[in-house]
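Student: return a 3D structure for these sequence lines:
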Amino acid sequence: MLSNGILKSFIFPDNVEDKLFEIKLNSDKSVFKIISYFPLSETERQIIISVLDKPDFSAFYSIFSDTVTDDDWNKTKNQIKQRFKNELFDINSKI
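Tutor: Below is the predicted model of the structure:
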């Protein structure tokens with residue numbers, strides 16, 4: 001989903017980048033919100049904070065509130081991403 005090129009400005013480890021749905025930027029290109037599919041672990045948040053070089057950053061949001069293990073995420077991520085993408089396109093086609 002992050003095909004808008006925003007991630008190219010940041011180098012996240014693949015296992016963290018894979019869990020991100022969207023990064024929202026201010027007009028000055030600074031990050032003001034990060035949206036993941038599921039809540040990120042504290043370690044994942046710290047990795048992102050380090051990459052952003054923003055020690056006080058805390059604007060993490062997730063689409064789903066359930067927590068999932070890395071094993072569960074790896075088993076179902078393609079299905080989850082595709083289903084979510086399909087539902088978004090379905091909503092947009094009805095507008």
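Student: can you tell me the element the closest residue in space to residue 60 that isn't next to it in sequence falls in?
Tutor: Closest residue in space to residue 60, ignoring its immediate chain neighbours: residue 34 at 5.5 Å, by C-beta to C-beta, 6 or more residues apart in numbering. Where you see a C-beta, it was placed from the backbone N, CA and C, and this is true even at glycine. Assigned by DSSP states H and E, residue 34 belongs to strand 31-36.
Student: can you list the strands that that strand pairs with?
Tutor: strand 20-25 (antiparallel), strand 60-62 (parallel) (DSSP bridges).
Student: so what's the residue minimising distance to the centre of the chain bridging to?
Tutor: Using C-alpha atoms, centre = their mean, the residue of the chain that lies closest to the mean C-alpha position is residue 20, 1.7 Å off. The bridge-partner assignment for residue 20, based on DSSP bridges, gives residue 36.
Student: before we move on, what about residue 25?
Tutor: Under the criterion used (DSSP bridges), residue 25 bridges to residue 31.
Student: that one contacts residue 52, correct?
Tutor: No - with contact defined as C-beta atoms under 8 Å, residue 25 does not reach residue 52; the gap is 11.4 Å.
Student: which neighbours do these two have in common?
Tutor: Residues touching both residue 25 and residue 52 by C-beta atoms under 8 Å, 6 or more residues apart in numbering: residue 31.
Student: the two: which is more packed in?
Tutor: Using other C-beta atoms under 10 Å, the more surrounded residue of residue 25 and residue 52 is residue 52, with 16 against 13.
Student: quick check: closest non-adjacent residue to that one.
Tutor: In space, residue 52 is closest to residue 31, 5.8 Å off (C-beta to C-beta, 6+ apart).
Student: need the contact list for that neighbour.
Tutor: Applying C-beta under 8 Å, 6+ apart, the residues contacting residue 31 are 23, 24, 25, 52, 54, 57, 59.
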